[in-house]
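Peer 1: everything below, folded, please.
(one chain, ligands or ions: 2)
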Amino acid sequence: MQIVPVELADRSYEVTVGEGARHELARVVADAVPGARRAVVVTQEGIGIEVETGLPTEVFTVPDGESAKSLTVLEELCRGFARSGLSRADVVVAVGGGVVTDLAGFAAASFHRGTPYVNVATSLLAQVDAAIGGKTGVNIPEGKNLVGAFWQPSAVLCDTEVLATLPPREWASGRGEVAKYALLGISTYLGGPPTADQPVDDQVARCAAIKSAVVSADEREGDRRMLLNYGHTLAHALEASAFGDDERDLRHGEAVAVGLVYAALLARRLGRIDDARVEYHRRVVGAFDLASGLPAGCDPEQLLSFMARDKKAQGDITFVLDGPDGVEVVRGIDRADVVATLSDMESAP
Ligand SMILES: NC(=O)c1ccc[n+]([C@@H]2O[C@H](COP(=O)([O-])OP(=O)(O)OC[C@H]3O[C@@H](n4cnc5c(N)ncnc54)[C@H](O)[C@@H]3O)[C@@H](O)[C@H]2O)c1
Ligand SMILES: [Zn+2]
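Peer 2: Ligands and ions are numbered 1, 2, ... in the order given. Prediction:
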């Protein structure tokens, strides 16, 4: 097992990465939540991963998909926790991908104004990103993740064995985030950024270490944590514009892969990086077996309007861009450059 510490003063915790990490749960609960006398597990039917908390436990299953991240499901969960007799000294265990960890984490943040929780991350995306860092929340019709809280888990387990049952598109989605960490160029005590030829355990551990370093430096999303949104400005616009359109439906990390290459092209247009650096972005995205072309039929003006609405935009358009000093937040980008760069993109085959 590889242990990645997340240093946050009295809210510090460990991420345990490796095959069979889920079997550490009872020990981790006993160590990280010593006062707990009972547990609730929040998971989804399709995940089918049983865990042993070491405590009397009630299991709650929530629906599959983004729609589970709702205030309605949150209410059902909290009412279930109450009926289960869960106290604020007890523990919530999330067993699932980012939908489950975001939802169960927010339920834990809200229940008794804050109950400890442990994430058992079962998707690649949750293992490298969503389960670490304490951003929790649900969606409302007015926007994704609009209602939430910063509430750090007491521990995170990333069991790479359970990825065996992960559907191919979900793997691709997770690889998009791994490619993001690869291109951020941040080294940690584990070494350099993840690479596509490493065993998945090492990739997960390196991504977890980068996320941990960024979150430790900036828990509540100032500029440093915003770096984790590399490739995400276009990705969010693609996701928003593909909403309800099956043909163009992209998983989050697949959209991030496209967004990473777009961000490189925009950085080149702004004179921040050269052709070789753009090629490097394409190579890395390709090495993670991801496409980087713009989905057919995208409307540049529509994408621009979504990008201008992106939560990082404070009046003007803000991007995370590579440059001579590495990847950084760049504000006040000209709309004309944003649109022109869209036409520099290849179309997806
Ligand atoms: N809090 C954060 O910092 C953060 C960061 C990134 C993403 N997110 C959130 O994460 C969510 C996306 O997470 P996701 O990509 O993990 O999607 P997801 O949770 O919907 O999981 C994808 C699918 O895979 C299934 N699944 C998960 N693990 C499995 C396994 N081991 N075997 C078989 N099936 C499995 C799930 O049931 C689901 O159907 C989004 O809601 C996003 O907003 C949060
Ligand atoms: Zn992401």
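Peer 1: which parts of the stretch 1-150 of the chain sit against ligand 1?
Peer 2: 44, 46-47, 64, 66, 69, 96-100, 102, 122-123, 125-126, 129-130, 133, 135, 145 (C-beta under 6 Å from any ligand atom). For glycine as for every other residue, the C-beta is placed from the backbone atoms N, C-alpha and C.
Peer 1: do that again at 5 Å, thanks
Peer 2: 44, 46-47, 64, 97-99, 122-123, 125-126, 129-130, 135 (C-beta under 5 Å from any ligand atom).
Peer 1: right, and the helix or strand after the strand or helix carrying residue 76?
Peer 2: Here residue 76, judged by DSSP states H and E, is contained in helix 71-84. Once the chain leaves helix 71-84, the next helix or strand it forms, by DSSP H and E, is strand 91-96.
Peer 1: tell me the helix or strand right after that next one.
Peer 2: Following strand 91-96 toward the C-terminus (DSSP H and E): helix 98-110.
Peer 1: next SSE after that following helix?
Peer 2: Per DSSP H and E, the first helix or strand lying C-terminal to helix 98-110 is strand 117-121.
Peer 1: what's that following strand packed up against?
Peer 2: Secondary-structure packing of strand 117-121 (3 or more C-beta pairs under 8 Å, 6 or more residues apart in numbering; DSSP states H and E): helix 25-32, strand 91-96, helix 98-110, strand 155-159.
Peer 1: just so I know, which of the ones you listed lies nearest residue 305?
Peer 2: helix 98-110 (26.3 Å; C-beta to C-beta).
Peer 1: what comes up buried for the closest one?
Peer 2: Buried residues in helix 98-110, defined by neighbour count with 16 or more other C-beta atoms under 10 Å: 98-110.
Peer 1: next: stretch 112-129.
Peer 2: Residues of stretch 112-129 classed as buried: 115-129 (neighbour count, 16+ other C-beta under 10 Å).
Peer 1: one step back: out of the helices and strands packed on strand 117-121, which is closest to residue 226?
Peer 2: Of all the helices and strands packed on strand 117-121, helix 98-110 sits nearest to residue 226, with 18.6 Å by C-beta to C-beta.
Peer 1: hey, C-alpha coordinates of that closest one in CSV?
Peer 2: Presented in CSV, the C-alpha positions along helix 98-110 are these (Å, rounded to 0.1, in the frame of the first residue of the first chain):
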residue,chain,number,x,y,z
GLY,A,98,-17.5,10.9,-7.5
VAL,A,99,-21.3,11.1,-7.4
VAL,A,100,-21.4,9.0,-4.2
THR,A,101,-18.4,10.7,-2.5
ASP,A,102,-19.8,14.2,-3.3
LEU,A,103,-23.3,13.3,-2.1
ALA,A,104,-22.3,11.3,1.0
GLY,A,105,-19.7,13.8,1.9
PHE,A,106,-22.2,16.6,1.8
ALA,A,107,-24.7,14.5,3.8
ALA,A,108,-21.9,14.0,6.4
ALA,A,109,-21.1,17.7,6.3
SER,A,110,-24.7,18.6,7.0
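Peer 1: angle of that helix against strand 117-121?
Peer 2: Between the axes of helix 98-110 and strand 117-121, defined by axes from the mean of the first three to the mean of the last three C-alpha atoms, to 10 degrees, the angle is 180 degrees.
Peer 1: by contact count, what packs against helix 98-110?
Peer 2: With contacts taken as 3+ C-beta pairs under 8 Å, 6+ apart, helix 98-110 sits against strand 39-43, helix 71-84, strand 91-96, strand 117-121, strand 135-140, strand 143-150.
Peer 1: cutoff 6 Å now
Peer 2: Judged by 3 or more C-beta pairs under 6 Å, 6 or more residues apart in numbering; DSSP states H and E, helix 98-110 is in contact with helix 71-84, strand 91-96, strand 117-121, strand 135-140.
Peer 1: before we move on, the earlier item: how about the buried residues of stretch 112-129, which pair is most distant?
Peer 2: Maximum distance among those (C-beta to C-beta): 27.3 Å, for 115 and 124.
Peer 1: re earlier: got JSON lines for the residues of the stretch 1-150 of the chain next to ligand 1, with distance to residue 16 and pLDDT too?
Peer 2: Below are those laid out as JSON lines (distance: C-beta to C-beta, whole Å; pLDDT from 0 to 100):
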{"residue": "44", "distance to residue 16": "22", "pLDDT": "98"}
{"residue": "46", "distance to residue 16": "24", "pLDDT": "94"}
{"residue": "47", "distance to residue 16": "19", "pLDDT": "96"}
{"residue": "64", "distance to residue 16": "26", "pLDDT": "96"}
{"residue": "97", "distance to residue 16": "18", "pLDDT": "98"}
{"residue": "98", "distance to residue 16": "18", "pLDDT": "98"}
{"residue": "99", "distance to residue 16": "22", "pLDDT": "98"}
{"residue": "122", "distance to residue 16": "14", "pLDDT": "98"}
{"residue": "123", "distance to residue 16": "16", "pLDDT": "98"}
{"residue": "125", "distance to residue 16": "18", "pLDDT": "98"}
{"residue": "126", "distance to residue 16": "14", "pLDDT": "98"}
{"residue": "129", "distance to residue 16": "16", "pLDDT": "97"}
{"residue": "130", "distance to residue 16": "16", "pLDDT": "97"}
{"residue": "135", "distance to residue 16": "20", "pLDDT": "97"}
